[in-house]
Every structure is written in structure tokens, then in C-alpha cells.
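Engineer: heads up, no residue letters with this:
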């Protein structure tokens, strides 16, 4: 399993929207500048988030994007499920995978099932609010 750039950037968009949350909509240009990501690339990601009704959008002057729930109601797992084809550690556990002819006697199948469960459970346990609380790297230096 390798999380794509699209998945990582979707999380960055969500955190940015959460950190700058007001009643106003936030332009994609602002997000792109703060995150130092191409606005063009973010367009495809934000479109996916809007289509999944994860964020609200408004066109025109004063338009942009905003969260439609509080940051603690979005899990990392739910966002990554939108952007990634699969989070399964092996092909035989991917959704709609053809049944593996070895699964009945495969000595490692239960290992991969366990790892898949740990990954799923962990990603569902972390919220956007949790990621916001992590702060900026280097802020925890104590003498």
C-alpha cells in the first residue's frame, strides 16, 4: 500500500479548510498558496471532495469551499477511501478481487487480513481535528 499524492493532498486540503474555517468560503487559490501546491492539481482533488459531499462549494464572487461538518467528524480513512483505489496491503484483499485459489491453505492470508484490519481501524480512528492538534513540527522544543 502506498498513499498517492492525491490522497496526501486531499488530507492537506481538509486540514487547511478546517484551520481556516469561518462562515465564509475559502478560495482554492488561497489553499494552493498556503499549501504550496498547484491550483490546477488541487482542482481535480477538490472536485472529488465536492462530488462526495465532503465539502461545500460556491461559485462566483465570494465563492470557494468549506467543510460541511466539524473537523472531528471526518476520518482520515474516509478521505483516503475517496482518493485511493485500495488501501489493502495485498492484491487478494482488494475490493472486488478475484478469489485467490490459495486462500484456503495460504499460510500468510490471515497475516494480511490482520494487517488490513489494523490499517483500516487506525485510519478510521484519526480525524482531521486530530491532525490539526499536531501543530507545526518543531513547536515542542524544550530546554
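Structural biologist: Cool, the structure landed. This is a predicted model, so every value here is computed, not measured. Numbers count the residues shown, from 1 in each chain.

Engineer: just give the closest residue to residue 93, not the sequence neighbours.
Structural biologist: Excluding its sequence neighbours, the residue lying closest to residue 93 (CB to CB, 6 or more residues apart in numbering) is residue 116, at 5.1 Å. Where you see a C-beta, it was placed from the backbone N, CA and C, and this is true even at glycine.

Engineer: roughly how far apart are the most centrally placed residue in the chain and residue 109?
Structural biologist: A centroid search over the chain (CA atoms, centre = their mean) returns residue 79, at 3.4 Å, as the residue closest to the centre. For residue 79, the distance to residue 109 under the criterion CB to CB, to the nearest Å works out to 28 Å.

Engineer: pLDDT wise, what is residue 33 at?
Structural biologist: Reading off the confidence values, residue 33 has pLDDT 96.

Engineer: count of neighbours near it?
Structural biologist: The local packing of residue 33 (other CB atoms under 10 Å) involves 11 other residues.

Engineer: quick revisit: who's in contact with the residue nearest to residue 93?
Structural biologist: If a contact means CB atoms under 8 Å, 6 or more residues apart in numbering, then residue 116 has 87-89, 93 as its contacts.

Engineer: how about residue 38?
Structural biologist: Taking CB under 8 Å, 6+ apart as the test, what residue 38 contacts is residue 32.

Engineer: could you do residue 41 as well?
Structural biologist: Shown in contact with residue 41 (CB under 8 Å, 6+ apart): residue 9.

Engineer: then it would be within a helix, right?
Structural biologist: Yes - with DSSP: H, G, I helix; E, B strand; the rest coil as the criterion, residue 41 is assigned to a helix.

Engineer: what mean pLDDT does the longest helix seen in the chain get?
Structural biologist: Determined from DSSP state H, the single longest helix within the chain is helix 109-125. Per-residue pLDDT values over helix 109-125 give a mean of 94.
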